Structures are given as C-alpha cells and as structure tokens.
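S.K.: The following comprises the amino acid sequence and a computationally predicted model.
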Amino acid sequence: GEICAFKIHGQEMPFEAVVLNKTSGEGRLRAKSPVDCELQKEYTFIIQAYDCGSGPGGRNWKKSHKAVVHIQVKDVNEFSPAFKETVYKATVTEGKIYDSILQVEAIDEDCSPQYSQICNYEIVTTDVPFAIDRNGNIRNTEKLNYDSQHQYEIKVTAFDCGQKHAMEDVLVRVNVKPVCKPGWQDWNKRIEYKPGSGSKPLFPSIHLETCDGPVSSIHTTIELQTNYIGKGCDRETYSEKSLQKLCGASSGAIDLLPSPSATANWTAGLLMDNNDMIFKFDGKQGAKIPDGIVPKNLTDQFTITLWMKHGPSPGLRAEKETILCNSDKTEMNRHHYALYVHNCRLVFLLRKDFDQADTFRPAEFHWKLDQICDKEWHYYVVNVEFPVVTLYMDGTTYEPYLVTNDWPIHPSHIAMQLTVGACWQGGEVTKPRFAQYFHGSLASLTIRPGKIESQKVISCLQACKEGLDINSLESLGQGIKYHFNPSQSVLVVEGDDIENINQALRKVSYINSRQFPTAGVRRLKVSSKVQCFGEDVCINIPDIDAYVMVFQANEPKITISGMDHFARPAAQFESERGVTLLPDIRIVSTVTKTEHPVDEHDRANKPVVLEEMLHNLDFCDVLVIGTELDPEQECLELDHAELQGKHLDATNSTAGYSVYGVDSMNNYEQVLRQIRYRNWDTSATFDRKFRVKCSELNGRYTSNEFNLEVNILHSSNSNFMDHVNHMVVQPQFLQSVHQPEGSTSAVHNSVVPSVATIVIIICVSILIFIITLGVYRIRTAHQHSSADNEGSKENEMDWDDSALTITVNPMEKYEKPHQTEEESDEEDIEDEEEDTTSAESDESEEEEEDEEEEEEVIVQKREKQKINRQEQLEWD
C-alpha cells in the first residue's frame, strides 16, 4: 500500500523524481543539472509510480499508469543585442529626402520573446541630419549637399525589450555624391609652367562624365587666350631690324618707329611702352620723319609692315585715321602715298607722278576686315608690286575688295613730308599742321623700298613663341580628328568614342619656346558640343575655365671681360690693317640659382650657385669715349666677310661700331675680335678710350660696361710708354698682353738699336776729336796747374744738363787722363741717348750700351778701368 519510487522515461532527461511520503504517495520532480533556455526551452517526458513490491528484495512491484510531464524553462536577460554587420555603408545623391537610406539590424541571443526581441534603435552621434526608426531604417532629415560635406559617419545602438542596449555601437557611413552633371572631371584650374620645361600637359587626368547619356560624337575646342600678352601672344621682343635679319628678310628695311635716341629722335614725343616698343596714339600726336630717312622714290616694288591694335572709331561719321602719310610740306595738300583706317576699313593710297605715268591708274586699295576694329594686335604687311597691292594680315593673304583709279599728280617742286600717326596738312590752311590723327597702338612700322617680302618671311616675323601642342600624335586613338589654327592658339578635337577623346585631351600641352618668356597668366578655355543618338534633347557640357601660370625666368648676368689696356707703336695704327681692339674679348652669362637644402632646419642658409648659361644676344656696341672719331684721320673697321654665315649685321659711325642681330654669344665674340682701329695721322693723338656693351632682348638684359684704353706710342717715347704699359696693365691680363705682342716686341727691339747705332757713330766721331784736343791741352797746361788738393775730388764727375765738362788733375800720372777720357766717352754717349730714349731705361740696358761703347772706342783701356773702379762714374 506504499509508493516506493517514481521513474522517468526518456533519454537523458536532466530531471529526477524523488519520493517524499511513501504512504501518501507524494513526490518531487527536480533538475539533476543546470538547464539553459537558450539550449532547450521545453522538456516533455513520461513518469510512472511504483509500489514497494513483495518479498524482501522488492520484487514483483506494481507500476501506475503513465503520466506526461511538460516543462518550460523560464528565460533570464543575460545577453546584450549585437549588430549583424561591423560597418554599414550607403551612398545617396545630394538634394533628395529619402524615406530609408539603409536598414541596420541587431540580434539578441536570449530565448524568450521578451528579451530576445529588439524593441528600439538609437543614433548615438549628435548633430547629424539623420533619424532611425524602431525597425532600424535610417533616413535623412534634410537635403544633403555634396559641396558642404562629402561623407557622414554616425554611430547607432540597439535596445532589446528588457531595455538592455548593445555592448558596441555600429558605424554607419553615408557617402554623398553630387547630382550627376555632365562635364569634364579631374582637372586643375591652375597649371604652372617653368621656363625651359618644354611641352607640359594641361589636363593629364581629365575625363568626360556623360551621366550615361546616349552620346554619339563629341566636338571639343581648346583655346589659349594670350591677346593681353605683348602683341597678342609671347613673341620675341627683339628690335624689328634684328627680327628681320633672323627671319631672312631682305636688307634695307627702314624703321619708322625706332626707340628714341640721338640719331632717331622723331619718336621722342610719342607715348611709348618701353618693354615691347609699342607706341600709343591718342588722337593728338604725330611724328615727322626727317628728310633723307626714306628715299623719295620707293620704286614700283616696296613693302610696308606694322603691328596695329585698333578699335571702332568714335562718332557717327568717322574721320580718316592716318598710320603713314607722305604729303606736301607747304603750299598744297596733296597726299602722294598713305596708309590709313577709315570706318574699320584699311585703305592704301598711292598717287603716281605725271613723269611716272600719264594715264588713269589704280590709286586707292580698300580692305574690309573685322580684325581692324577688334581691339586686338594683328600683323599687317602691304606688298606693293604696282599696279598690284596685296595685304597679309597675321600671315593670311587678302585681296582688296575695292580698287579706285585716279589721275597722276601734276609735277611740282614742292618738298614732301613723311609722317606717322597723323598726316601733315601743308596747304589750304593758314598754318601748316597735323590732321587725321590715329587712335590706337602701333609697333614695328617699317618700309622697305625696292623689294617685297615672301610669305615665308612674313610668317616668321609674326610667329608666336607659345601655343598648344599634342604629345605623341601617333598614339592618338582611331577616329580622332584634330585641327590647329595657324598660331596654334586654338585646337579642335573631334571623335565618337568618349575614351579616345579623354586620351586625346590628356595629351594636349602648353609649350613656350622662348628662353626668357613673358611671365604671367595665360587663360585657357575648353568648350564641348555633344551629339546623341536620335535624341532631340542632348546633354550640355559646361566650359572649362583654367589658366597657365608662366613663371619668371632667372635673370642672366652678362659679363664682358678681356684686356682693358694696351699700347702699340704709332706705325701699327697707321698701317693698312690698323690694330685689333678686342683680341681676347669674352662674353659670359650666368644665372643665380638657390639650391634647396636637405635639412629643413637650414632653410635660412640656402647655398647660392652661379651657373653659366648660353643664350643669344641682339646687339653689341663699341662706343668711343670722349670726342668722336675724326673721319679725316681715324676710323673703326670690320671685314664684312666676318658676318657671313651669321645672323649679324653692323653699322659704323664716328660714335662707334654697332653689331646687331640675334645670334649666339660665341658668334658675337668672333666678330668683335675682328674690329680694328686705324689712325693714319697719329701725331696729335696719344690715346683712345672705348666702351663695349651688349644686350639681349632689345635691352631687357644688358651686360656690364667694359672700358678699353689704347695708347699710341710715338718714336720719342716708345720705351717710356712701353715701360708704363707693363706697369699699368692688370696682373690677370699680363699673359694675354705679352703673348700676342711677341712680334710687336721684335719690332721695338729692331727699331730702337738702329736709331741708337746711328747716334753712337756720330758720338764716337765727336769723342775722338775731343780726346785729341784734351790730350793736347793736358800737355800744355801740366806745368801751370796748382790745384793739388782738388785732384781726388775732380776724379768724380758732376753732371750738368748744359754742355759737356771734363776736369783733369794735372798732378796725376800721365796715364790718368785715359780713365777720364773713358768717363767722358760715357758722358757724351749718355747725353746723346737721353735726347732719343726714355730717362728711365733699365740699368741692364745701360750697362750693355756702356760695354758696347767701351769696346768700340777704347778697348785697350779695360785693364786700367778695373784698377780704378773706385773712380768710376756715379749715376743720378
């Protein structure tokens, strides 16, 4: 009647049942080991009760029916929420409000719904334009702007329903992309260009964004805007003469607008920009060209060239604006030839005289061009081959649209006046004056009588030294077409493949071939047109506005060196070849460069390095210091054969010699070393001083002033001047002075002894007579002498600048007078030589002369001379 056990049926259940009261059958179910809800939430098993059975061993027990037990494990909130991803990323387009940008998700490992469910999400980062809902959806609360912020980083946490939050916040990155705007991407607005760096790519990483538009072809124009640099672009700033020589133009061009100087002073009163030789005319100025500068008869072939910058004429009825005019100086107001602007038309007037033609002939030639009034620089060349007149503008040929005929001018003896910037009105007014003033800027106005210029020379004279370029043309993709304008300031690229267009634009570069370019900004503009496949509306590509910054070149220091003082005999100056002035002249140019130190702390002590550089020169002047050369007796000469094969020319005047043209320093040295000075009447000239100065870029860079002094040695003072010359000449040039003068020294040595020999022969004859007379007087006066105490004193001679004096001691032995005669010989010889040679001759020369005279006159007296050395002659 008792219950002895409970038995659980099931596989390894973590439970056991124990009997508490056998009589009442009460028992307890308990866990044998810990249970975990996360491992198993529920258990179901069968339990049976057993009685105590019969017999001592409890055999034959009875069991109850089976009862089913169901157990649920209650959860504990032991786990925190955890996010599924370590980082969440999303990309949004600017300017839009999103309902959901992305969704974050967290999980909780607890087993019960209460603790395992995520009930809330929260953004931890403050002050961000985002919000999150209970389901983890993140949205933006305001429109995002790409320009203000490209990317946002926010932290988010999660809470379970037991309000336990995540152990680690999750990072959410939201990238903002701009609204897809078709256009060029990845280019820099500023491109830096250092002189001498060759061809530099402008847009090495550029590519076109089409926003997936159906593009069929692209047409891109790259324009380099340089109209505010110099005369429209960076050109060589040499003088017009030097440029024409460099381009191989015919000689004989006459510069009508030279920079003001002593020889060309008619431009002194004009407004001028010195750097670029530009003359500005404001409608109030004109310049008279002096008579004789331009020949009266220009012949049927001549050329007028000029740079002009001109805008629209003021007023409704624009007056003529004269560039160049040749009119009557007095009495009448006839224009013989003129070049002028009228209502944005360029007109050339050429009236023939009756003695040249007596028929109705072409007289006015008109060209109508937009460029005449566009306020930009253009290069104009008027080639006259009468009756045909051709205009070249910026290298392109233009025929006149209108030619009017006129009768020739009646002959008269009235003088003509050539003017620039206005026309001279000599008649029909009370007082002759200027009229028809020009408004604008002019430069390099020249006229060349007798010849016209070729197309090649014209293109060279107006060529730009900067422009656009394409690196490695052969590597351009297929289907790419390109085209440059003549000055290479505009490049057009066409193609139908976007990637090929991208590659082509990456190869477009800027190049400036000048060694010393004009520093400053060059603007760049890239414009594109796109065609689409059958689309009425196609994408619009915005223009690119960029600029090239050209840096200032290192300024060169040009140094002239060489022998700065020498002397030559007058005979050399009077010879047919004269004397070479600058036999060893050297022209060197250096630039100062600062090396960047390795140690950043040593920036204050940057080492400065002088580096020699090679560049051209455009003129060197050898100027006379002091009075100008007298053409009746002296001149500077140069064999013009020395200029052959070089871009050099030369002019000679009484003020000096000028060598000009764009050429290397080495060629200038070669020519300057051949300049000679001749003086065929040197009697009144003892020295001449010269100054040498060189220039690059028409005076932009100038050398030091190298001064040279030349002494002319006349026969009476050649030895003295030769001695002075060796003393004055500077030590560093001694070697260069002595070596080339080897032949000159020989001339000195051969000339001076020949004169001395003649003098010695004459002196010896006189001495023989004096000695004979002296012996006779000694014999007759021997017994009358009473001056005993003066014997020793009289043995030493006293020099007098007057006549020769011989004093004899009558008390001495008879042989003594021989010594006195010897000394007398020396006195006479030296007196004679003082008249012909310098008093400061070397002692060695004197001793040699003494020995020669002793051998020739009294060789037999040498032994007595040695005995009586204490009584020898003393020099003062």
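M.R.: On my side now, so go ahead. Numbering: from 1, shown residues only.

S.K.: so how far is stretch 686-694 from its chain's centroid?
M.R.: Stretch 686-694 has its average C-alpha position 31 Å from the chain's average C-alpha position, going by Cα atoms, centre = their mean, to the nearest Å.

S.K.: contact partners of that stretch?
M.R.: Stretch 686-694 is contacted from outside by 558, 560, 581-582, 585, 587, 617, 619-626, 634, 656, 668, 672, 677, 679, 702-712, 714, using Cβ atoms under 8 Å, 6 or more residues apart in numbering. In short, each C-beta sits where N, CA and C put it, glycine included.

S.K.: Point out where the stretch 751-876 of the chain drops to low pLDDT.
M.R.: 751-756, 781-876 (pLDDT under 70).

S.K.: ok, residue 86 - how many residues close by?
M.R.: The tally of other residues near residue 86 (other Cβ atoms under 10 Å) stands at 8.

S.K.: An error on my part: the question was meant for residue 665.
M.R.: Each residue near residue 665 was counted by other Cβ under 10 Å, and the total is 22.

S.K.: distance of it from residue 586?
M.R.: In this structure, residue 665 and residue 586 are separated by 9 Å, where distance is defined by Cβ to Cβ, to the nearest Å.

S.K.: again with residue 365
M.R.: 53 Å.

S.K.: okay, these two: which has more neighbours?
M.R.: Neighbours of residue 365 and residue 586, each counted by other Cβ under 10 Å, are more numerous for residue 365; the result is 24 against 14.

S.K.: Mind picking out the helix or strand in the chain with the poorest mean pLDDT?
M.R.: Of all the helices and strands that make up the chain, helix 734-738 has the lowest average by mean pLDDT, DSSP states H and E, namely a mean of 32.

S.K.: For the longest strand along the chain, name the packing helices and strands.
M.R.: With secondary structure taken from DSSP state E, the chain has its longest strand at strand 520-532. Strand 520-532 is packed against strand 215-225, strand 544-550, with contacts defined by 3 or more Cβ pairs under 8 Å, 6 or more residues apart in numbering; DSSP states H and E.

S.K.: Pull the first one out as PDB, backbone CA atoms only.
M.R.: Yep, that's strand 215-225 we're talking about. Provided in PDB are the C-alpha atoms of strand 215-225 (Å, rounded to 0.1, in the frame of the first residue of the first chain):
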ATOM      1  CA  VAL A 215      26.400  60.200 -76.800                       C
ATOM      2  CA  SER A 216      27.200  59.600 -80.500                       C
ATOM      3  CA  SER A 217      30.000  62.200 -81.100                       C
ATOM      4  CA  ILE A 218      32.000  64.900 -79.200                       C
ATOM      5  CA  HIS A 219      33.400  68.200 -80.600                       C
ATOM      6  CA  THR A 220      35.900  69.900 -78.200                       C
ATOM      7  CA  THR A 221      37.700  73.200 -78.700                       C
ATOM      8  CA  ILE A 222      40.700  74.200 -76.600                       C
ATOM      9  CA  GLU A 223      41.600  77.900 -76.800                       C
ATOM     10  CA  LEU A 224      44.700  79.500 -75.400                       C
ATOM     11  CA  GLN A 225      43.900  83.200 -74.800                       C
END
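
S.K.: Domain boundaries for the protein, per the record?
M.R.: The chain breaks down into these structural domains: 3-72, 82-177, 183-228+472-550, 234-462, 556-595+609-713 (assignment by the TED database).

S.K.: what would the ones you listed look like in TSV with mean pLDDT and distance to residue 780?
M.R.: As requested, the domains of the chain are exported to TSV (pLDDT from 0 to 100; distance: least, Cβ to Cβ, whole Å):
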stretch	mean pLDDT	distance to residue 780
domain 3-72	86	167
domain 82-177	92	132
domain 183-228+472-550	88	94
domain 234-462	85	79
domain 556-595+609-713	91	50
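
S.K.: closest one to residue 774 among these?
M.R.: Put simply, out of the domains of the chain the one that sits nearest residue 774 is domain 556-595+609-713, at 39.3 Å, with distance taken as Cβ to Cβ.

S.K.: what about the closest one, distance to the chain center?
M.R.: In terms of Cα atoms, centre = their mean, the centre of domain 556-595+609-713 is found 27 Å from the chain centre.

S.K.: Kindly indicate whether residue 456 is helix, strand or coil.
M.R.: Using DSSP: H, G, I helix; E, B strand; the rest coil as the criterion, the local structure at residue 456 reads helix.

S.K.: residue nearest the centroid of the protein?
M.R.: Centroid check for the chain by Cα atoms, centre = their mean gives residue 516 as the closest residue, at 2.3 Å.

S.K.: ok, so what distance separates that one from residue 84?
M.R.: Using Cβ to Cβ, we find residue 516 at a distance of 68 Å from residue 84.

S.K.: since we're on residue 776, how many residues are nearby?
M.R.: 10.

S.K.: hang on, I meant residue 630
M.R.: There are 13 residues near residue 630, going by other Cβ under 10 Å.

S.K.: Now do the contacts for it.
M.R.: If you count contacts by Cβ under 8 Å, 6+ apart, then residue 630 has residue 654 around it.

S.K.: ok but it is inside a strand, no?
M.R.: No: with three-state DSSP as the criterion, residue 630 is coil rather than part of a strand.

S.K.: Now do the same contact list for residue 377.
M.R.: Taking Cβ under 8 Å, 6+ apart as the test, what residue 377 contacts is 227, 230-232, 307-309, 441.

S.K.: can you give me the helices for the stretch 201-350 of the chain?
M.R.: Along the stretch 201-350 of the chain, the segments classed as helices by DSSP state H, counting those that start in this stretch run 240-246.

S.K.: My guess is residue 651 contacts residue 658. True?
M.R.: Yes: with contact defined as Cβ atoms under 8 Å, residue 651 and residue 658 form a contacting pair (4.9 Å).

S.K.: so what sits against both of the two?
M.R.: In contact with both residue 651 and residue 658: no residue, using Cβ under 8 Å, 6+ apart.

S.K.: so residue 115, which of the three states?
M.R.: helix.

S.K.: Quick check: nearest residue in space to it, chain neighbours excluded?
M.R.: Beyond its immediate neighbours in the sequence, the residue positioned closest to residue 115 (Cβ to Cβ, 6 or more residues apart in numbering) is residue 77, lying 4.2 Å away.

S.K.: Relative to residue 71, how far out is that neighbour?
M.R.: Distance check for residue 77 against residue 71: by Cβ to Cβ, it reads 21 Å.

S.K.: what do you get for residue 333?
M.R.: Relative to residue 71, residue 333 is positioned 133 Å away (Cβ to Cβ).

S.K.: again with residue 246
M.R.: Residue 246 is 111 Å from residue 71, by Cβ to Cβ.

S.K.: And residue 19, by the same measure?
M.R.: Distance check for residue 19 against residue 71: by Cβ to Cβ, it reads 19 Å.

S.K.: what does residue 707 give?
M.R.: Per Cβ to Cβ, residue 707 is found 122 Å from residue 71.

S.K.: Please apply the same query to residue 193.
M.R.: Taking Cβ to Cβ as the criterion, residue 193 is separated from residue 71 by 87 Å.

S.K.: which one of the two has more residues nearby?
M.R.: More neighbours surround residue 193 than the other of residue 193 and residue 71, with 21 against 16 (other Cβ under 10 Å).

S.K.: Name the nearest residue to the more buried one, ignoring sequence neighbours.
M.R.: Computed as Cβ to Cβ, 6+ apart, the closest residue to residue 193 that is not its neighbour in sequence is residue 550, at 4.9 Å.

S.K.: since we're on that neighbour, how many residues are nearby?
M.R.: A count of nearby residues for residue 550, using other Cβ under 10 Å, gives 23.

S.K.: Same check on residue 471?
M.R.: 15.

S.K.: all helices for the stretch 601-750 of the chain, in order.
M.R.: Applying DSSP H, counting those that start in this stretch to the stretch 601-750 of the chain gives helices spanning 665-672, 718-728, 734-738, 742-781.

S.K.: can you check the stretch 451-600 of the chain too?
M.R.: 455-461, 498-506, 570-574.

S.K.: Turn the ones you listed into a markdown table, including mean neighbour count.
M.R.: Shown next, in a markdown table, are those (neighbours: other Cβ atoms under 10 Å):
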| stretch | mean neighbour count |
| --- | --- |
| helix 455-461 | 18 |
| helix 498-506 | 19 |
| helix 570-574 | 18 |
